[in-house]
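Asker: Quick one, structure for this:
(4 chains)
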Protein chains: 2
Amino acid sequence: MTYSLGVATAKAEETRERILDAALKLFRQDGFDQTTMRDIAAEAGVATGAAYYYFRSKEELVMAFYVRTNDEARELIPAQIARWRDLRKRVRAIIDTKLQQFAEHRRLMVALVRIGIDPKHPLSPFGDETKAMREESIEFFRLALDGSTPAAPKDLAGDLPRLLWLYQMGVILFWMFDESRDQRRTRALLDGTIDLVIRLIQLSSLPMMGPLRKKLLAIVRAVED
Amino acid sequence: MTYSLGVATAKAEETRERILDAALKLFRQDGFDQTTMRDIAAEAGVATGAAYYYFRSKEELVMAFYVRTNDEARELIPAQIARWRDLRKRVRAIIDTKLQQFAEHRRLMVALVRIGIDPKHPLSPFGDETKAMREESIEFFRLALDGSTPAAPKDLAGDLPRLLWLYQMGVILFWMFDESRDQRRTRALLDGTIDLVIRLIQLSSLPMMGPLRKKLLAIVRAVED
DNA sequence: CGTTGTTTTTGAACAGGTTCAAATCGTTCG
DNA sequence: CGAACGATTTGAACCTGTTCAAAAACAACG
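Answerer: This is a model prediction of the structure:
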């Protein structure tokens, strides 16, 4: 879960942190592609090989950052959810929190997407190795739906968290490449679509929507494994 | 348009083709990552540097394949469209044709996606350099909508081709990673969603949908540049 | 303390994408 | 023909991610 390759002692843990911090500093300063593993090792004051003792690849350094934010989210997000009952606000709060966490390293996440888009890659957000984190993230949306207004239709309870998570992933993807000032385009997208998403959930409760909803769910389930 | 770096003579054009063919042969045989530029050059009977005289990068070899299919599509797709008036069938024919063209090198396209997902990358399907090809692909959908049944609502005529193109890109993306036998999952996705897409277009013609449609279009337009 | 086994660290070596200066080829012109 | 010039081709060199065998540091044990 903590993706620690060779950490057995406290000093090792410290070295690992030092390498990760050096990497993040340089990534932020010069960008992912411009930063070499030799740079990172030098900045951390270790030999080149040391980085590979703790991280399997350059991308795994980015993944380690991602894991770090996930650890933080475990505290942050439930607290946010507890502040409202309104589903719209809850979902918005989850996504806003995520974006805030990534903000400092926005462009960095591209490195993760590049390899992660292939579900076969170990670091893919859709793959096996990241399953625990993924499920945890999905769980937040289950929590948000729990006792919210509007309430989610019962028979969607199983799929809705996953669907909202997918929506979140889409927004984050858009945001990573959003070069508008302060990423206001993403804000606009959020403002426009959250409303739509919630409205859609409500609409789908209407009896007349039964067949359509069934069809959609069938497709969604067929698409997922 | 033809992405030819240094081709001025007929012999050069021939060398270029030889390198591209060698590359495609090896990519198909051993996969993109397993094939080295040195392999490709050797297979083509030229020095390593020669490949870089004609192609700016390893990925550009894949792009050259993509361009090739696009050149073919210019003949194939209008012929397909002319076979029906039914919009569903026309759209399906466009997408099926594309998939058929890529079929032989399905996994190869992943290499293009990896870098192309970043709109900043020169080879991105969303970037400047590929604009001509992109517009051409979108044009096919305009052609498909032209005089089709059902007819598209007038005020959607401007955006619909681009939206259908996006839908196509999504399907192709899914297909690239679809490891089910004969990619039947993708077929299932197509069977399920084409219907939905066409139905949605029809629905949006209903007067009651006015406000919703406006809202959706506003979002779509805000998201695009 | 010395021995032994494990964890951590080192830096050289390797691999493959890419660059580049120099050589070769081909064409044009006097 | 021979000089001049651009187009093409070469292969060595460069850069950077990654691997690996050996050294160093450390812990446990007698």
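
Asker: tell me which residues in whichever strand or helix holds residue A:141 are buried?
Answerer: Here residue A:141, judged by DSSP states H and E, is contained in helix A:131-145. Applying a neighbour-count criterion of 16 or more other C-beta atoms under 10 Å in any protein chain shown, one finds A:133, A:134, A:137, A:138, A:140, A:141, A:142, A:143, A:144, A:145 buried in helix A:131-145. In this view, the C-beta of every residue, glycine as well, is placed from N, C-alpha and C.

Asker: Against DNA strand D, how distant is residue A:61?
Answerer: Residue A:61 is 9 Å from DNA strand D, where distance means C-beta to the nearest atom of the strand, to the nearest Å.

Asker: Let me see the contact set for that residue.
Answerer: Shown here is residue A:61, whose contacts under the criterion C-beta atoms under 8 Å, 6 or more residues apart in numbering or on different chains are A:19, A:20, A:23, A:24, A:27, A:40, A:51, A:55.

Asker: One more pass at 7 Å, please.
Answerer: Shown in contact with residue A:61 (C-beta atoms under 7 Å, 6 or more residues apart in numbering or on different chains): A:20, A:23, A:55.

Asker: pLDDT wise, what is it at?
Answerer: pLDDT recorded at residue A:61 is 98.

Asker: The helix or strand harbouring it near DNA strand C at all?
Answerer: Using DSSP H and E, residue A:61 sits in helix A:58-82. No: figure legend: helix A:58-82 not in contact with DNA strand C (C-beta under 7 Å from any atom of the strand); closest approach 13.2 Å.

Asker: my guess is residue A:201 is in a helix, correct?
Answerer: Yes: according to DSSP: H, G, I helix; E, B strand; the rest coil, residue A:201 belongs to a helix.

Asker: With residue A:129 as the reference, measure out to it.
Answerer: Distance from residue A:201 to residue A:129, counting by C-beta to C-beta, to the nearest Å: 31 Å.

Asker: where exactly do the helices run in chain A?
Answerer: Assigned by DSSP state H, the helices in chain A fall at A:10-30, A:37-44, A:48-54, A:58-82, A:87-102, A:109-116, A:131-145, A:160-176, A:184-203, A:210-223.

Asker: Pull out the buried positions in the shortest one.
Answerer: Looking back up the chat, that one is helix A:48-54. Buried-residue list, helix A:48-54, by 16+ other C-beta under 10 Å: A:50, A:51, A:52, A:53, A:54.

Asker: same question, the second one
Answerer: For helix A:37-44, burial by neighbour count (16+ other C-beta under 10 Å) applies to A:37, A:39, A:40, A:41, A:43, A:44.

Asker: near chain B, which residues of chain A show up?
Answerer: With C-beta under 7 Å from any C-beta of the partner chain as the criterion, chain A meets chain B at residues A:110, A:113-114, A:117-119, A:177, A:185, A:188-189, A:192-193, A:219, A:222-223.

Asker: Can I get the buried part of those as one PyMOL selection?
Answerer: Remark: buried members of these, expressed as a PyMOL selection using 16+ other C-beta under 10 Å:
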select buried, chain A and resi 110+113+114+117+118+177+185+188+189+192+193+219
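
Asker: Around residue A:161, how many other residues sit close by?
Answerer: Number of residues near residue A:161 (other C-beta atoms under 10 Å in any protein chain shown) recorded here: 22.

Asker: ok, now how distant is residue A:91 from DNA strand D?
Answerer: 36 Å.

Asker: Same question for residue A:36.
Answerer: Note on residue A:36: its distance to DNA strand D, by C-beta to the nearest atom of the strand, is 3 Å.

Asker: can you give me phi and psi for that residue?
Answerer: The phi/psi pair for residue A:36 (degrees, to the nearest 10) reads phi -100, psi 160.

Asker: buried set for the helix or strand bottoming out on mean pLDDT in chain A?
Answerer: Lowest mean confidence among the helices and strands of chain A (mean pLDDT, DSSP states H and E): helix A:210-223, at a mean of 78. Using 16+ other C-beta under 10 Å as the test for burial, helix A:210-223 gives A:213, A:216, A:217, A:219.

Asker: quick one: which of these is nearest residue A:78?
Answerer: Closest approach to residue A:78 among the buried residues of helix A:210-223 (C-beta to C-beta): residue A:217, at 27.9 Å.

Asker: is it true that that closest one touches residue A:157?
Answerer: No: applying C-beta atoms under 7 Å, one finds residue A:217 not in contact with residue A:157, separated by 11.9 Å.

Asker: Please enumerate the shared neighbours of these two.
Answerer: Joint contacts of residue A:217 and residue A:157 (C-beta under 7 Å, 6+ apart) do not exist.

Asker: In terms of secondary structure, what does the least confident helix or strand of chain A contact?
Answerer: For helix A:210-223, the packing partners by 3 or more C-beta pairs under 7 Å, 6 or more residues apart in numbering or on different chains; DSSP states H and E come out as helix B:184-203.

Asker: Report the mean confidence score over the helix it packs on.
Answerer: Averaged over helix B:184-203, pLDDT sits at 91.

Asker: Give the other helices and strands that it contacts.
Answerer: By 3+ C-beta pairs under 7 Å, 6+ apart, helix B:184-203 packs against helix A:210-223, helix B:87-103, helix B:160-176.

Asker: between those helices, which one is nearest to DNA strand C?
Answerer: Nearest to DNA strand C among the helices and strands packed on helix B:184-203 is helix B:160-176 (19.8 Å), distances taken as C-beta to the nearest atom of the strand.

Asker: low-confidence ranges in chain A?
Answerer: Along chain A, the model assigns pLDDT under 70 to residues A:1-4, A:6, A:8, A:207-210, A:225.

Asker: hmm, back to that, go through the buried residues of helix A:48-54 and name the one nearest chain B.
Answerer: residue A:52 (19.2 Å; C-beta to the nearest C-beta).

Asker: CA atoms of stretch A:181-188 as CSV?
Answerer: Provided in CSV are the C-alpha atoms of stretch A:181-188 (Å, rounded to 0.1, in the frame of the first residue of the first chain):
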residue,chain,number,x,y,z
ARG,A,181,-5.5,31.6,-16.1
ASP,A,182,-6.0,29.9,-12.8
GLN,A,183,-7.5,27.1,-14.8
ARG,A,184,-10.8,29.0,-14.9
ARG,A,185,-12.0,26.9,-17.8
THR,A,186,-12.0,23.9,-15.5
ARG,A,187,-14.1,25.9,-13.0
ALA,A,188,-16.5,26.7,-15.8
